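Undergrad: give me coordinates for this.
(2 chains, ligands or ions: 3)
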Amino acid sequence: MYQTTYHCPSSVEEAAALFGKGSDSKYLAGGHTLIPVMKQRLAAPSDVIDLGKIKELVGIEVSADALIIKAATTYFDILRSAEAKKAIPAIVHLASVLGDPQVRYRGTIGGSIANNDPAADFPAAVLALGATVKTNKRSISADDFFKGLFATALDDGEIITAISFPNPAKAGYSKMRHPASRFALTGVFVVKTKSGDVRVAATGASQDGVMRVPAVEAALKANWAPGALENVTISAEGLLSDIHGSSSYRANLVKVMAQRAVTAAG
Amino acid sequence: MSTVNLTVNGKPVSANVEDRTLLVNLLRDHLNLTGTHVGCDTSQCGACVVHIDGQAVKSCTVLAGQASGANVTTIEGISNGDELHPMQAAFRDNHGLQCGYCTPGMIMSAIDIVNRYGGKLDEDTVRHELEGNICRCTGYHNIVKSVLDAAGRMSVAQAAE
Ligand SMILES: Cc1cc2nc3c(=O)[nH]c(=O)nc-3n(C[C@H](O)[C@H](O)[C@H](O)COP(=O)(O)OP(=O)(O)OC[C@H]3O[C@@H](n4cnc5c(N)ncnc54)[C@H](O)[C@@H]3O)c2cc1C
Ligand code: FES
Ligand code: FES
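TA: Ligands and ions are numbered 1, 2, ... in the order given. Next up, the predicted model:
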């Protein structure tokens, strides 16, 4: 790892000011992407600004119609949260199959979606649930937030402060885990909204990162049942293909994971 | 350079280190606590697991500065003098190690698992919970046996307190 300067601000405002002062600053939350990448010298920030100890960025709240998870809340705190489990159990399940126990103690929801790894779990939940990403400057809808591989709508120095998930009528997540990395070989999050709409997002499948799956959405809108997907074919075009699975294998996984997610959602 | 103040195995420690220093390097190179191992460069193997404020984490993926003010426990800090921690004793009795490289991390993770699940542990849970620790020697069977054995011993010890 190259030399860097570590800062530990205690407010969002202070963090943003420190970011502006460094020549090539990076925020640090759980560090479970940024530190490995710095160790490999793929990133060499001049200044590392720790968001992990900012109290206003940690915690889980519920309103009448939404679950609000602040950005630096760890996966572990999400998966053991009684409020989260009551509001959207599929999110708690997602956190429980993410990475391994040590990763879950440190990694944060804000870090996960800011990083937008094409095989990460939380982007699928944020997109399928039509969540709103709150930052220190504005609110961004999930549909506008994810911009392809490792890219988001965040401006340089912008800080995610919280993610607000509208309570769904039903939601489920199912993931084929890569046996070594634990990331999603393909994971699918299915949602029936309170207004009867269906939103489905797949991670680990597309070359452009997390994506909606219109064919599955249409079939589930007509009939919310795993069997409704029996005759749906997912196109392999634009899907990832590597030594772990071809694009046609992943296309089939999108369907099978969607079926399992519907079963889990009930 | 920054001064990092933390508690390690119950003792207050102050170290002047470069900001890029990882917690595992602080422990091994500055405090000579070489029981915590480094087995990979990708945050996957778990040989480096220590407890930060009671939670099992990979010390190769935490900056020393992030641990400032924290309470850190390493493999050196769990026995009571010459008396092994029940998890260590169970690993010895059940042949839960061969080369021993993964063992400090396994033991620190396993103690965290028992702390979270108490007497409700079963084999499936232990296997799922050990996903962040890789062992190249044992094939895991005796590690799982050790953890289940220790879970019994630790709950007996807690009940006696
Ligand atoms: C062994 C291992 C297994 C893993 N398995 C999985 C898995 O199965 N599924 C999965 O989804 N992930 C997995 N991960 C990745 C893990 O979830 C990371 O924690 C996550 O990608 C990043 O979150 P973080 O809090 O650690 O962020 P960091 O590593 O601290 O930061 C990541 C990036 O996000 C930026 N950032 C962080 N917080 C904010 C914020 N609030 N506002 C703006 N920018 C911010 C940082 O500047 C940085 O660029 C795994 C990681 C490891 C090491
Ligand atoms: S050394 Fe491998 S996970 Fe830390
Ligand atoms: S005993 Fe050798 S790596 Fe586990």
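Undergrad: any idea how many residues pack against residue A:3?
TA: 9 (other CB atoms under 10 Å in any protein chain shown). Backbone N, C-alpha and C define where each C-beta goes, glycine included.
Undergrad: okay, strands next: where are they in the stretch 151-266 of chain A?
TA: A:160-166, A:170-177, A:184-192, A:198-203, A:211-212 (DSSP state E, counting those that start in this stretch).
Undergrad: and those: which comes nearest residue A:143?
TA: Smallest distance to residue A:143 across those (CB to CB): 8.3 Å, for strand A:211-212.
Undergrad: dump the residue contacts of the most centrally placed residue in chain B.
TA: Residue closest to the mean C-alpha point of chain B, counted by CA atoms, centre = their mean, is residue B:108 at 2.2 Å. Going by CB atoms under 8 Å, 6 or more residues apart in numbering or on different chains, residue B:108 touches B:49, B:50, B:51, B:56, B:73, B:74, B:75, B:78.
Undergrad: how about these in CSV, adding neighbour count?
TA: Converted to CSV, the contacts of residue B:108 look like this (neighbours: other CB atoms under 10 Å in any protein chain shown):
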residue, neighbour count
B:49, 30
B:50, 30
B:51, 23
B:56, 26
B:73, 19
B:74, 24
B:75, 25
B:78, 19
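Undergrad: state the pLDDT value of the residue nearest to the centre of chain B.
TA: Predicted confidence (pLDDT) at residue B:108: the value is 98.
Undergrad: chain neighbours aside, what residue packs nearest to it?
TA: residue B:49 (4.4 Å; CB to CB, 6 or more residues apart in numbering or on different chains).
Undergrad: got the residue ranges for the helices in chain B?
TA: B:23-25, B:86-93, B:103-117, B:123-129, B:141-160 (DSSP state H).
Undergrad: relative to ligand 2, which of the ones you listed is closest?
TA: Nearest to ligand 2, of all those, is helix B:23-25, at 6.7 Å by CB to the nearest ligand atom.
Undergrad: rewinding a little: who's the residue nearest to residue B:108 bridged to?
TA: Residue B:49 has these beta-bridge partners by DSSP bridges: residue B:58.
Undergrad: count of residues packed around residue B:15?
TA: 17.
Undergrad: now residue A:89
TA: That count, for residue A:89 with other CB under 10 Å as the rule, works out to 16.
Undergrad: ok, now residue B:92?
TA: When neighbours are counted by other CB under 10 Å, residue B:92 comes out with 12.
Undergrad: the one 10 residues further on too?
TA: When counting by other CB under 10 Å, one arrives at 24 neighbours for residue B:102.
Undergrad: test my guess that it contacts residue B:47.
TA: Yes: using CB atoms under 8 Å as the test, residue B:102 is close enough to residue B:47 to be in contact (5.5 Å).
Undergrad: shared neighbours of the two, which are they?
TA: By CB under 8 Å, 6+ apart, the residues touching both residue B:102 and residue B:47 are B:37, B:39, B:133, B:134.
Undergrad: scan those residues and report the most crowded one.
TA: For the shared contacts of residue B:102 and residue B:47, neighbours tallied by other CB under 10 Å; top is residue B:133, 27 neighbours.
Undergrad: the domain parsing of the chain - what is it?
TA: Since no chain was named, I'll use chain A. A:5-50, A:58-166, A:170-265 (automatic domain parsing).
Undergrad: let me rephrase: I mean chain B.
TA: B:2-77, B:86-160.
Undergrad: go through the ones you listed and find the least confident stretch.
TA: domain B:86-160 (a mean of 94).
Undergrad: circling back: now tabulate the domains of chain B in CSV and tack on distance to residue A:164.
TA: Shown next, in CSV, are the domains of chain B (distance: least, CB to CB, whole Å):
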stretch, distance to residue A:164
domain B:2-77, 27
domain B:86-160, 29
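Undergrad: which stretch among the ones you listed comes nearest ligand 3?
TA: Closest among the domains of chain B, using CB to the nearest ligand atom: domain B:86-160, at 3.2 Å.
Undergrad: reformat the strands of the stretch 151-266 of chain A as JSON lines; add mean pLDDT.
TA: Below are the strands of the stretch 151-266 of chain A laid out as JSON lines (pLDDT from 0 to 100):
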{"stretch": "strand A:160-166", "mean pLDDT": "98"}
{"stretch": "strand A:170-177", "mean pLDDT": "98"}
{"stretch": "strand A:184-192", "mean pLDDT": "97"}
{"stretch": "strand A:198-203", "mean pLDDT": "98"}
{"stretch": "strand A:211-212", "mean pLDDT": "98"}
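Undergrad: now these in TSV, with mean neighbour count and distance to residue A:33?
TA: Listed next are the strands of the stretch 151-266 of chain A as TSV, based on neighbours: other CB atoms under 10 Å in any protein chain shown; distance: least, CB to CB, whole Å:
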stretch	mean neighbour count	distance to residue A:33
strand A:160-166	22	14
strand A:170-177	23	18
strand A:184-192	28	15
strand A:198-203	27	15
strand A:211-212	18	21
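Undergrad: out of these, nearest to residue A:258?
TA: strand A:184-192 (4.5 Å).
Undergrad: elements contacting that closest one?
TA: helix A:122-128, strand A:170-177, strand A:198-203, helix A:214-222, helix A:247-265 (3 or more CB pairs under 8 Å, 6 or more residues apart in numbering or on different chains; DSSP states H and E).
Undergrad: touching chain B at all, the second one?
TA: No: no part of strand A:170-177 sits close enough to chain B to count as contact by CB under 8 Å from any CB of the partner chain; the gap is at least 9.3 Å.
Undergrad: skipping adjacent residues, who's closest to the residue in chain B that chain A sits nearest to in space?
TA: Proximity of chain B to chain A (CB to the nearest CB) peaks at residue B:132, 3.0 Å away. In space, residue B:132 comes closest to residue A:100 once its chain neighbours are excluded; the distance is 3.0 Å by CB to CB, 6+ apart.
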